[in-house]
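Peer 1: Give me a 3D structure for the following:
(2 chains)
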Amino acid sequence: MHKSDTTEITDTPAGAESEAIIQVRGLKNSFGSHVVHEGLDLDLYPGEILAVVGGSGTGKSVLLRSIVGLLRPSGGTVKVFGEDIQHLSSSERSRVERRFGMLFQGGALFSSLNLQENVALPLIEHVGLPREEAQHLGRLKLALAGLPAEAAIKYPAELSGGMVKRAALARALALDPEVLFLDEPTAGLDPIGAAAFDQLILTLRDALGISVFIVTHDLDTLYSICDRVAVLARRKVLVAASLDEVAATDDEWIQEYFHGPRGRAAQATANQAKA
Amino acid sequence: MASQPGSVKIEEHRFILKGAWILQHYKQLRGEIASLKGQLHPESEPTSQIPWRDSYTLELQGITAMDTAGASLLLEFLGSHWLEDYPDVVAELPQERVRLLKTIAATMANPLEAPTPQASLLRLFLAGVGERTEAVWRQQWQLFGFIGQTLSTMLGTFARPRSWRITSMVAHIQQTGPNAVPIVALLTFLVGAVVGFLGATVLRDFGATIYTVNLVAFSFLREFGVLLAAILMAGRTASAFTAQIGSMKANEEIDAIRTLGLDPVEVLVLPRVTAMLVTLPILTFIGMFSGIAGGALVCVTTLDISLFQFISIVKRDIAINHFIVGMVKAPVFAYVIGVIGCLEGFKVSGSAQSVGEHTTSSVVQSIFIVILLNAIAALFFMQMGW
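Peer 2: This is a model prediction of the structure:
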């Protein structure tokens, strides 16, 4: 064990000499007397897949919500595309938020709209496309997320969990965002569905060149698609580096996480896949 | 931020594509492509593809930016096979753009629109009528079934005082009773005053304004007290029951109750219905009293009938059976309103829209049934001479 404030390793991924598109500095979040984050720093670079891991209750979702602006932090700054979102006017904020795509944990699809209407909604509202064209693009996005054509006219209540996640991903991609936020994308999916979803995210990142910010518990996701991993513990980011470096960090929780039975199993599978 | 918008031009057998092919310019680009196709093939359908590869060369280097929307447009314009047909053009493109185009092309390889079965309007209309009729029939059937189920559960629980859910029942009494007193009292008071005015106006021509007292007392004891209280309960409480049980249903809480070996009717319905059975008679009594008070106010202020005279006329002319006729209806209405509210809650499926639909339906149904039952009861009591 060592003191957390002396051991922060924050390196940039290879080849990413460019400016970080999301810069979190000294973030503080507290609810009443309960402090969730204090002095939290984190960067997201263009084109990378960054995973945020941490035990339950360490405030992964709170971090996500304060970056996308759903939650006003108690202190610190969150700079997105070089702008501090807390000091923007509401119209400027809306312009920044359009460059985000967010996948909520439970999907959060609008239950009174069918899938193509769900995806078409931001296109109609923000781009001003006619309904017909917006729904056409909506169907394209649904197909891109791997849903069959007949799913487009179904309602969220008629779908399985995996299909809800895919549809929610399609809606998150509707406006061709530059950053995609995923809150536990593979939670509740079967292993085959989860692996397919991981591959889908990887394919989309490669094809669309977007940056992806994943909050996850899924070790297989970490090993198979993530470029960097940030570990959240003791109210801040302990390390944010490549998986190997993080796994080698001398910290009790991290060792337990990556070298516990599940961590070893996921690592073995990943190594097999590489070989 | 976005550079010059995307554009398409033809110059002597060359297609020149330029600018940013992104979502912001989607509408305009689509329009340009449609008009271009119109120029090339005025006779063909605007959606058909251009047989360009025999006679045209393609220049894509001018494209500055592209996203999925732009890529899909480009592929729709050129046909999805051009990536294979023109390797030399593709080779000049940046790697990530080729990846994007290939991903979108793979996505568009399958038809995006599922075939929808086409039916004639007449058939759809007839099918709709049939569905509605069956739904109404099924609804009544379910309601009768649920009324019976609740009654039998109630009788079964009655013998076992240990399984009475006192806390839950008291909480529902609190919600449905005391909190509803002000609105019931105010509303019946106002209606009582209106009935008083009505009587005064009509009976003045006959010189029988004194009978306004009888009119107010009769109507509120026999009909209006219980009817107004029940309608308010239907709007206020039946909807609350539906929304509560409905969101529990949507959250799978009802299923959880079942898997824990408990009976949702016993746990959720009985406390609510029992609470209604307790509160509606009390509210009815308050409604009767306050309605008559409203009538009395009108009599005292406009008809020169003193309060003392008003009370003595009521005592002399109105027999106790009118009060009983009004009161016996209260538990029946309470039971029906409670049961409809709960049943509609159980019918909710998943979506927020469904919660809304069933809440509306429970209010409409319970008001309808209350008025219907009241009419039947009025006929019955009149024939019996009670």
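Peer 1: what about residue 273, helix or strand, and which?
Peer 2: Because you didn't say which chain, this covers chain A. Using DSSP states H and E, residue A:273 sits within helix A:261-274.
Peer 1: oops, chain B please
Peer 2: helix B:270-302.
Peer 1: Give me the buried positions along that helix.
Peer 2: B:270-300 (16 or more other CB atoms under 10 Å in any protein chain shown). Just so you know, the C-beta spots here come from the backbone N, C-alpha and C atoms, and that holds for glycine as well.
Peer 1: got a list of contacts for the helix holding residue A:273?
Peer 2: With contact meaning CB atoms under 8 Å, 6 or more residues apart in numbering or on different chains, helix A:261-274 is reached by A:219-220, A:222-224, A:247, A:257-258.
Peer 1: Any buried residues in it, and which?
Peer 2: A:263, A:266-267, A:270.
Peer 1: could I get stretch B:200-207 in PDB with only the CA atoms?
Peer 2: In PDB, the C-alpha atoms belonging to stretch B:200-207 read as follows (Å, rounded to 0.1, in the frame of the first residue of the first chain):
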ATOM      1  CA  ALA B 200     -85.900  29.100  -5.600                       C
ATOM      2  CA  THR B 201     -86.200  30.200  -9.300                       C
ATOM      3  CA  VAL B 202     -88.500  27.400 -10.500                       C
ATOM      4  CA  LEU B 203     -90.700  27.200  -7.400                       C
ATOM      5  CA  ARG B 204     -91.200  31.000  -7.200                       C
ATOM      6  CA  ASP B 205     -93.800  30.900 -10.100                       C
ATOM      7  CA  PHE B 206     -95.900  28.500  -8.000                       C
ATOM      8  CA  GLY B 207     -95.500  30.400  -4.800                       C
END
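Peer 1: and for it, what are the contacting residues?
Peer 2: Against stretch B:200-207 from outside (CB under 8 Å, 6+ apart): B:209, B:211-212, B:215, B:298-299, B:302-303.
Peer 1: which one among these gets closest to residue B:67?
Peer 2: Nearest to residue B:67 among those, counting by CB to CB, is residue B:298 at 72.4 Å.
Peer 1: Now do that closest one against chain A, distance only.
Peer 2: 48 Å (CB to the nearest CB, to the nearest Å).
Peer 1: Enumerate every residue touching the nearest residue to that residue once chain neighbours are set aside.
Peer 2: Nearest residue to residue B:298, sequence neighbours excluded (CB to CB, 6 or more residues apart in numbering or on different chains): residue B:196, at 3.2 Å. Contacts of residue B:196 were listed using CB under 8 Å, 6+ apart, and they are B:212, B:215-216, B:294-299.
Peer 1: hmm, try it at 10 Å
Peer 2: By CB atoms under 10 Å, 6 or more residues apart in numbering or on different chains, the contact set of residue B:196 is B:212-213, B:215-216, B:291-292, B:294-303.
Peer 1: Now for the buried residues of helix A:261-274: which two are most distant?
Peer 2: Maximum distance among those (CB to CB): 10.6 Å, for A:263 and A:270.
Peer 1: Residue A:228 is in contact with residue A:243, correct?
Peer 2: Yes - Residue A:243 is within contact range of residue A:228, at 7.9 Å (criterion: CB atoms under 10 Å).
Peer 1: Run through the neighbouring helices and strands of the strand or helix carrying residue B:376.
Peer 2: Per DSSP H and E: residue B:376 is located in helix B:352-384. Under the contact definition 3 or more CB pairs under 10 Å, 6 or more residues apart in numbering or on different chains; DSSP states H and E, helix B:352-384 sits against helix B:121-158, helix B:225-233, helix B:239-250, helix B:320-347.
Peer 1: buried residues in that helix?
Peer 2: Buried, per 16+ other CB under 10 Å, within helix B:352-384: B:353-355, B:357-359, B:361-363, B:365-367, B:369-370, B:373-374, B:377, B:381.
Peer 1: ok, back up a step: for the helix holding residue A:273, list the C-alpha coordinates in CSV.
Peer 2: Output of helix A:261-274 as CSV, limited to C-alpha atoms (Å, rounded to 0.1, in the frame of the first residue of the first chain):
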residue,chain,number,x,y,z
PRO,A,261,-10.2,-15.4,-10.0
ARG,A,262,-12.3,-13.5,-12.5
GLY,A,263,-9.5,-11.2,-13.5
ARG,A,264,-7.2,-14.1,-14.2
ALA,A,265,-9.8,-15.9,-16.2
ALA,A,266,-10.5,-12.9,-18.4
GLN,A,267,-6.8,-12.4,-18.9
ALA,A,268,-6.3,-16.0,-19.9
THR,A,269,-9.1,-15.7,-22.5
ALA,A,270,-7.7,-12.5,-23.8
ASN,A,271,-4.2,-14.0,-24.2
GLN,A,272,-5.7,-17.1,-25.9
ALA,A,273,-7.5,-14.8,-28.4
LYS,A,274,-4.3,-13.0,-29.2
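Peer 1: and the closest residue to residue B:21 other than its chain neighbours, what pLDDT?
Peer 2: Leaving aside its chain neighbours, residue B:21 sits nearest to residue B:70 (2.9 Å; criterion: CB to CB, 6+ apart). Looking at residue B:70, its pLDDT stands at 86.
Peer 1: Count the neighbours of residue A:125 for me.
Peer 2: 12 (other CB atoms under 10 Å in any protein chain shown).
Peer 1: need the longest helix for chain A.
Peer 2: helix A:191-208 (DSSP state H).
Peer 1: Sounds good, over and out.
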